[in-house]
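Q: My questions are about this predicted structure, shown below with the sequence.
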Amino acid sequence: MEATPTSTVPGLETRAWFAPLLLSGVWLLLLLSVWPAGEFPLNDDWVYAASVRSLVEEGRLAPSPYTEASYVTQALWGGLFCLPGGWSYSALRLSTAVLGLAGVLVCFALLLEAGAGRRLAMLAALTLAANPLYLNLSLTFMTDVPFAALCLAALLFLARSLRRDSWGDFLVGSALSVAAVLTRQAGLVVALAYAAVALQARPVRTSRMIQALLSPLLAGAVLLAWHYWARTRGVDWLSNDRLKDLFTSLSAGVGGAVGAVSWRAAVALVYVGFFTLPLLAPAAAEAWHVGGPAPRHGAQVALTFFGLTWVALTATGARMPLSENLLHDSGVGPPTLWDVYIEHLPNLPKAPALLWTGITVLALIGGALLAGVVAAAALTKALGRSPAVALVGITASLYAALMVTAGYFDRYLILLVPLCAVLVSTVAGGRTPSWLGGRTAFLAGVALATTYGLFGAAATHDYFAWNRARWAAIDDAIRVRGVPASGFDGGYEWNGLNRYSPTKPWWWADREPWVIAFGPVPGYGEVARYPYRRLLPPGEATLLLLHREEP
C-alpha cells in the first residue's frame, strides 16, 4: 500500500522512501566532507584490524590480549568487506561506515515503532548521524558504532515481536542481540530487557514466556562460550579495566562508591543531554504546554539537576569536555602523539575558554532537560505506552547503570543517544511538538543538529589530515632517513602495531631518541616538518620529526 504525505512542512514529502533516502544522502555528504582516505589505524582499531587480517590471510580468528571487547561479529563483518580486494584499513572503515548508516536508519525505524511521528523520527535519526562522536567512530574500525547499530536493530525486531506476537521477529531480534554480545559484552542488556518486558506483557501467552527465558539464556550462553574460547587463546576479559574500576569504586566504601557513581551519572546525563538537545527543547516545551502535575515535577527534577551539577562543576573548576577519549579541547579524535597525549604539552590549538564555558552551559541545560523530560514521561506512564518504549527504557536503564558503576569513555555513551531519543519522543505523544506550530520546532532542531554535523565533519577531517601527515612522516623517518624503529616513538597506534607487548608498560615507549610530535619538546631538536591543512581553526599546520639532544 502506498503511503500518503502527512507533513505540514511545505515541500517535505513523508512517503516511506523519503526519510531513508534523505538520511542516506546526508550520511554520504558527511563522509565525503571528511574524506577518510589513508592506510593506517586509528585509536584502538589496530587491535581489531589485526584479528581480521589473521582471519582473511590465515583463516583463523586470533583475539588480542590487549582488547576488552568480544568483537567476533565485527571481525566477521570486516572480513566480508576485505574479500573483494584483500585486507586493508580502507575496507574495514567502509564496513563500519555501512553499519553507521544502518544505525541511523534503524534509529528512524525504532522511533516509528515506538509511536513517534515521521518528522520527529527523522529528526532523531539526523541527530544521531550528526553526532560528532558517532561520525568519527563510523570512519574507524572501532567496536562502538557496530555495537550501537546491532543493539538498535535487535531492539527494533524484539519490539515488533512483542507487538505482533511473532516468532520470526523474535528469532531475528535474538540473533541480532547475540551479534551485539559478540561485539561488546554489554549487549547482554538487550536480552535482559526483553525478558523483563515479555514477562510483564498482557495477555499472558505461553510462547511469550518461552521467549522471555530463551532470549537471555541464549545471549548468556554465547557470552560464556566466547569467554572460555578466548581464555584458551590467552584473553581474559574479566580482568579488564572496566571491571577493575568497578571493584575500585566498591572498595572505596559506601561514600566513595556513591560519590563515584553520582559523578559518572551526572557526566553521562550532561553528555547525552547535550547530544540529544535538538529534540529536548521542543519536547520539554510540549510537556509543559500539555500541563498537569507531571511537567511541574519534571521541571523540579531538571532545576535540581542543573543546580547541583552547576555547583559541582564550579567547585571543581571542571567544564566540557568532562570525559576522556574522543572529544577534547582541540577537536574530535584522540591526539595520540607523545608530546600532547602523554606529556600534555600545549602543542595543539585550543578553542577559547569562553566557547567551552558556553558549551558546558548548553550541555548542563541538555542534561537537565533530559532528566526532567524522562521524569515527566515516567510520571505520566508514557514510558509504558508501547512495548518498544518499555523495551528501550529498560535497556537504557540497564546500560546506564552498567556505565556509571563500571566507568566509561565518552564514546561508550553513543548508544544512549538514540535510546533517549525514543524516550523523549513519548512526551510529544508521537507528534512533532505543536507548541511552535510544528514547523518551527522541527527546523530549529534540524539547525542545531546541522551545527553538530558541521563541527563533527570538520573535526574528523582534521583528525584524518594530521594522521595522514603522521604516517607520511613515519615513512620518511624510517624508510628514507633510516631512523631505527627500536628508538622511535610514532605515537600510540604505531607503537601498538610495532612494539606492543603484554609485559611492557602502556604506550610501549618512553622518551625515545626519535619522536613524531605536534610541536616542540624540551630537550629535542627539530629534524623535519610535515605539513597538513586543518579546518579548526582554518590554516596550515605541521608535525615535527624530533631528535633528542645530547646533554
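A: That came in fine, so what should we check first?
Q: Kindly state the pLDDT recorded for residue 117?
A: What the model reports as pLDDT for residue 117 is 82.
Q: do residue 324 as well
A: Listed pLDDT for residue 324 reads 84.
Q: I'd like the distance from it to residue 550, if you could.
A: Here the distance between residue 324 and residue 550 works out to 36 Å (CB to CB, to the nearest Å). Backbone N, C-alpha and C define where each C-beta goes, glycine included.
Q: These two: which is more packed in?
A: Ranked by neighbour count (other CB atoms under 10 Å), residue 324 and residue 550 place residue 324 first, with 13 against 7.
Q: Send me stretch 478-488 as PDB with only the CA atoms.
A: The C-alpha trace of stretch 478-488 is given here as PDB (Å, rounded to 0.1, in the frame of the first residue of the first chain):
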ATOM      1  CA  ILE A 478      62.200   5.100   8.900                       C
ATOM      2  CA  ARG A 479      62.400   4.300   5.200                       C
ATOM      3  CA  VAL A 480      64.200   7.400   3.900                       C
ATOM      4  CA  ARG A 481      66.200   8.800   6.800                       C
ATOM      5  CA  GLY A 482      67.000   5.400   8.300                       C
ATOM      6  CA  VAL A 483      65.700   6.100  11.800                       C
ATOM      7  CA  PRO A 484      65.900   2.900  13.800                       C
ATOM      8  CA  ALA A 485      62.500   1.500  14.800                       C
ATOM      9  CA  SER A 486      63.800   0.400  18.100                       C
ATOM     10  CA  GLY A 487      64.400   4.000  19.200                       C
ATOM     11  CA  PHE A 488      61.400   5.600  17.600                       C
END
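Q: So which residues lie in contact with it, not counting its own?
A: 477, 498, 509, 512, 513, 514, 515, 527, 528, 545 (CB atoms under 8 Å, 6 or more residues apart in numbering).
Q: Mind checking which of those are buried?
A: Listed as buried from the contacts of stretch 478-488 are 477, 498, 509, 512, 513, 514, 515, 528, 545; burial here means 16 or more other CB atoms under 10 Å.
Q: would CSV of those residues with distance to residue 447, pLDDT and secondary structure be doable?
A: Listed next are the buried ones among the contacts of stretch 478-488 as CSV, based on distance: CB to CB, whole Å; pLDDT from 0 to 100; DSSP: H, G, I helix; E, B strand; the rest coil:
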residue, distance to residue 447, pLDDT, secondary structure
477, 45, 97, helix
498, 46, 94, helix
509, 45, 94, coil
512, 47, 95, coil
513, 51, 96, coil
514, 48, 97, strand
515, 43, 98, strand
528, 44, 97, strand
545, 43, 98, strand
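Q: Can you tell me which of those residues is nearest residue 330?
A: Residue 330 lies nearest to residue 515 out of the buried ones among the contacts of stretch 478-488, by CB to CB, at 18.8 Å.
Q: I'd assumed residue 338 was in contact with that closest one.
A: Yes. Counting by CB atoms under 8 Å, residue 515 does reach residue 338; the two are 5.7 Å apart.
Q: in this protein, which helix has the most residues?
A: helix 439-475 (DSSP state H).
Q: Averaged pLDDT, that one. What do you get?
A: For helix 439-475, the per-residue pLDDT averages 93.
Q: Then stretch 155-163?
A: 95.
Q: hmm, who's touching that stretch?
A: 106, 109-110, 113-114, 166-170, 172-174, 176-177, 190, 194, 197-198, 201, 208, 211, 215, 386-388, 391-392, 395.
Q: In three-state terms, label residue 531 for me.
A: Three-state call for residue 531 (DSSP: H, G, I helix; E, B strand; the rest coil): strand.
Q: what's the closest non-adjacent residue to it?
A: residue 542 (5.1 Å; CB to CB, 6 or more residues apart in numbering).
Q: That neighbour and residue 342, how far apart?
A: The gap separating residue 542 from residue 342 is 20 Å, by CB to CB.
Q: Likewise for residue 454?
A: Noted for residue 454: a distance of 31 Å to residue 342, by CB to CB.
Q: Also residue 445?
A: 40 Å.
Q: the more surrounded of these two?
A: Neighbour totals were compared for residue 445 and residue 342, and residue 445 leads with 26 against 17 (other CB under 10 Å).
Q: can you pull the contacts of the more buried one?
A: 123, 127, 278, 279, 281, 282.
Q: give me the number of residues near the last one?
A: Each residue near residue 282 was counted by other CB under 10 Å, and the total is 25.
Q: right, and it touches residue 446 too?
A: No. Contact status for residue 282 versus residue 446: not in contact, 11.1 Å apart, counting by CB under 8 Å.
Q: where does the chain have its least confident helix or strand?
A: helix 241-251 (a mean of 63; mean pLDDT, DSSP states H and E).
Q: Give me the helices and strands touching the very next helix or strand once past that helix, please.
A: Later in the chain than helix 241-251, the nearest helix or strand by DSSP states H and E is helix 253-275. Here helix 253-275 is seen to pack against helix 241-251, helix 293-316, helix 353-379, helix 387-406, helix 416-425 when contacts are counted using 3 or more CB pairs under 8 Å, 6 or more residues apart in numbering; DSSP states H and E.
Q: so which of these is the most packed in?
A: helix 416-425 (a mean of 27; mean count of other CB atoms under 10 Å).
Q: So what touches that helix?
A: Residues contacting helix 416-425 (CB under 8 Å, 6+ apart): 103, 107, 110-111, 114-116, 120-121, 124-125, 127-128, 131, 134, 148, 152, 268, 272, 275-276, 279-280, 283, 370, 373-374, 377, 383, 388-389, 392-393, 395-396, 399-400.
Q: do the same with stretch 529-541
A: 331, 349, 455, 458-459, 461-462, 465-466, 468-470, 472-473, 476, 542-545.
Q: what comes up buried for that stretch?
A: Using 16+ other CB under 10 Å as the test for burial, stretch 529-541 gives 530, 532, 534, 535, 541.
Q: Any idea how far apart the tips of it sit?
A: When the termini of stretch 529-541 are compared using CA to CA, to the nearest Å, they are 10 Å apart.
Q: Let me see the mean pLDDT of it.
A: Stretch 529-541 comes out at a mean pLDDT of 95.
Q: Report pLDDT for the residue nearest to the spatial centre of the chain.
A: Central residue of the chain (CA atoms, centre = their mean): residue 414, 3.1 Å from the mean position. At residue 414, the pLDDT value in this model is 97.
Q: Equivalent analysis for residue 205, please.
A: 81.
Q: What is the neighbour count of it?
A: For residue 205, the count of nearby residues is 12 (other CB under 10 Å).
Q: right, and it touches residue 165 too?
A: Yes. Using CB under 8 Å, residue 205 makes contact with residue 165 at a distance of 6.6 Å.
Q: coming back round to it: now the buried ones among the contacts of stretch 478-488 in a markdown table, please, with extra columns for distance to residue 54.
A: A markdown table is the format used below for those (distance: CB to CB, whole Å):
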| residue | distance to residue 54 |
| --- | --- |
| 477 | 28 |
| 498 | 17 |
| 509 | 25 |
| 512 | 28 |
| 513 | 32 |
| 514 | 30 |
| 515 | 30 |
| 528 | 35 |
| 545 | 32 |
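Q: Mind checking which of the contacts of stretch 529-541 are buried?
A: Buried among the contacts of stretch 529-541 (16+ other CB under 10 Å): 331, 455, 458-459, 461-462, 465-466, 468-470, 472-473, 543-545.
Q: What is the nearest of these to residue 182?
A: Taking CB to CB as the measure, residue 182 lies nearest residue 459 of these, at 30.9 Å.
Q: wait, what's in contact with the closest one?
A: 132, 136, 331, 332, 333, 535, 536.
Q: Surely the first one and residue 333 touch.
A: Put plainly, it is residue 132. No. Assessed by CB under 8 Å, residue 132 is found out of contact with residue 333, at 9.4 Å.
Q: that's a strand at residue 100, yeah?
A: No. Counting by three-state DSSP, residue 100 falls outside a strand, being helix.
Q: Not counting sequence-adjacent ones, nearest residue to it?
A: residue 138 (3.1 Å).
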